[in-house]
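Novice: sequence-free structure coming up:
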């Protein structure tokens with residue numbers, strides 16, 4: 001049990017290090033199982049290869065479409081014996097003439113094996129993807 005708790009603490013430490021910079025550099029994959037299941041409001045898949053691709057895609061699109069993009073990590077904590085919860089905010093400025101801002105909050109629920117590896121990662125957002133996309137549109141000028 002002590003070893004398991006030490007492993008959980010190591011996973012939390014790695015998440016605290018990796019998540020704030022996930023738009024800039026790759027994360028550590030040794031804390032995930034090879035058949036990791038991932039789900040967020042727009043994606044759902046299984047496997048570490050696909051998991052690596054989603055993070056590569058986030059970095060690629062982040063650099064392509066945003067002048068500024070941040071993943072603000074508020075906290076990472078163990079909420080049950082086999083669950084870690086991370087609360088965060090994504091915010092940024094789109095590379096558009098009207099410099100649209102993106103902002104949404106969310107949390108990641110990580111479920112762990114008996115060995116303390118993450119086998120499931122579910123992201124929950126505070127609004128629908130369509131609502132987030134509306135932030136990209138130019139603001140209507142009320143004076144017209």
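Specialist: Received the coordinates, thanks. Please read these numbers as outputs of a predicted model, since none were measured by experiment. Residues are numbered from 1 along each chain as shown.

Novice: ok, residue 108 touching residue 90?
Specialist: No: look at residue 108 against residue 90 with CB atoms under 8 Å: they stay out of range, at 11.5 Å. Yep, even glycine has a C-beta here, placed from its N, CA and C like the rest.

Novice: residue ranges of the strands in this structure, please?
Specialist: Using DSSP state E, the strands of the chain run over residues 32-39, 44-46, 66-80, 83-94, 101-112, 118-125.

Novice: average pLDDT for the last one?
Specialist: Model confidence over strand 118-125 averages 98 on the pLDDT scale.

Novice: how many residues are close by residue 67?
Specialist: 11 (other CB atoms under 10 Å).

Novice: contacts only, for it.
Specialist: 92-95, 99 (CB atoms under 8 Å, 6 or more residues apart in numbering).

Novice: quickly list what residue 90 is bridged to.
Specialist: Legend: beta-bridge partners of residue 90 under DSSP bridges are residue 71, residue 104.

Novice: does it really touch residue 106, like I thought?
Specialist: Yes: distance between residue 90 and residue 106: 7.2 Å, which falls inside the contact criterion (CB under 8 Å).

Novice: quick revisit: need the buried ones from the contacts of residue 67 selected in ChimeraX.
Specialist: In ChimeraX syntax, the buried subset of the contacts of residue 67 is picked out as below (16 or more other CB atoms under 10 Å):
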select :92,94
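
Novice: for residue 15, which of the strands of the chain is the nearest?
Specialist: strand 66-80 (5.0 Å; CB to CB).

Novice: flag every buried residue along that closest one.
Specialist: Those buried within strand 66-80 under the rule 16+ other CB under 10 Å are 66, 69-71, 73, 76, 78.

Novice: again, but for stretch 45-63
Specialist: For stretch 45-63, using 16+ other CB under 10 Å, the buried residues are 46, 51, 55, 58-59, 62.

Novice: then stretch 127-144?
Specialist: residue 132.

Novice: next: stretch 12-22.
Specialist: Quick answer for stretch 12-22 (16+ other CB under 10 Å): 12, 14-15, 18-19, 22.
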